[in-house]
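Student: Have a look at this fold, sequence not included:
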């Protein structure tokens, strides 16, 4: 069966510090991968998606970036965090036309 | 992207059935109807999806109107653990990036 991992589970970072969140998927190959962000009490915002290694599409211009160095690894990064980057970050995978599965999430607090 | 409309909130009593409605009047022929739910502090969880016919699985049933302009997620016997935000989403068969989560319906289950 397929599983999706995210780490860390929680993170507290000062404004201006860098960020790296990692997501890995097991039990499937060539998945579509997604990063979402959910601000407190709000809906999910799609940030990035990838249909293959090195292929990244950005949905919202911001100070975040994403990379996919391996087939089942998806990384979300920032060089300098802003207060507005606080939120619940979710990684997800799916096959085209199929249902989507989410990881456990990383709760980021920027202070 | 085709849009869905859901009530902001609903209440149910424990052990009773719950019918969660979703309107999607601009649905196209290749749009699947997906339902997800998000429990507090967790990522969304896949519930069920369908195209034209009603669908059943261990979690719920999906009833799709004959004209496909609306659907209803049915929880046959609500439990306290079913309290969550329920999202109705349209996703086109060959599209990779159209899984967009709106506000959803917040379901409260009373003991």
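Tutor: Thanks, I have it. Just so we're clear, the structure is a prediction, and the values are computed from it rather than from any experiment.
Student: give me the residue from chain B nearest chain A.
Tutor: residue B:43 (3.3 Å; C-beta to the nearest C-beta). All C-beta atoms are positioned from the backbone trio N, CA, C, and that covers glycine.
Student: SS state for that residue?
Tutor: Per DSSP: H, G, I helix; E, B strand; the rest coil, the secondary structure class of residue B:43 is coil.
Student: Correct me if wrong: it contacts residue A:102.
Tutor: Yes. Between residue B:43 and residue A:102 there is a contact at 3.3 Å, judged by C-beta atoms under 8 Å.
Student: quick one: contacts for the residue of chain B closest to chain A?
Tutor: Residues in contact with residue B:43 (C-beta atoms under 8 Å, 6 or more residues apart in numbering or on different chains) are A:90, A:92, A:102-105.
Student: related to what we said a few turns ago, name the residues contacting each of residue B:43 and residue A:102.
Tutor: Common neighbours of residue B:43 and residue A:102 (C-beta under 8 Å, 6+ apart) are A:90, A:92.
Student: which residue is nearest the middle of chain A?
Tutor: residue A:35 (3.3 Å; C-alpha atoms, centre = their mean).
Student: Any idea what it is bridged to?
Tutor: For residue A:35, the beta-bridge partners are residue A:48, residue A:91 (DSSP bridges).
Student: List the residues that contact it.
Tutor: A:23, A:46-49, A:66, A:74, A:76, A:89-91.
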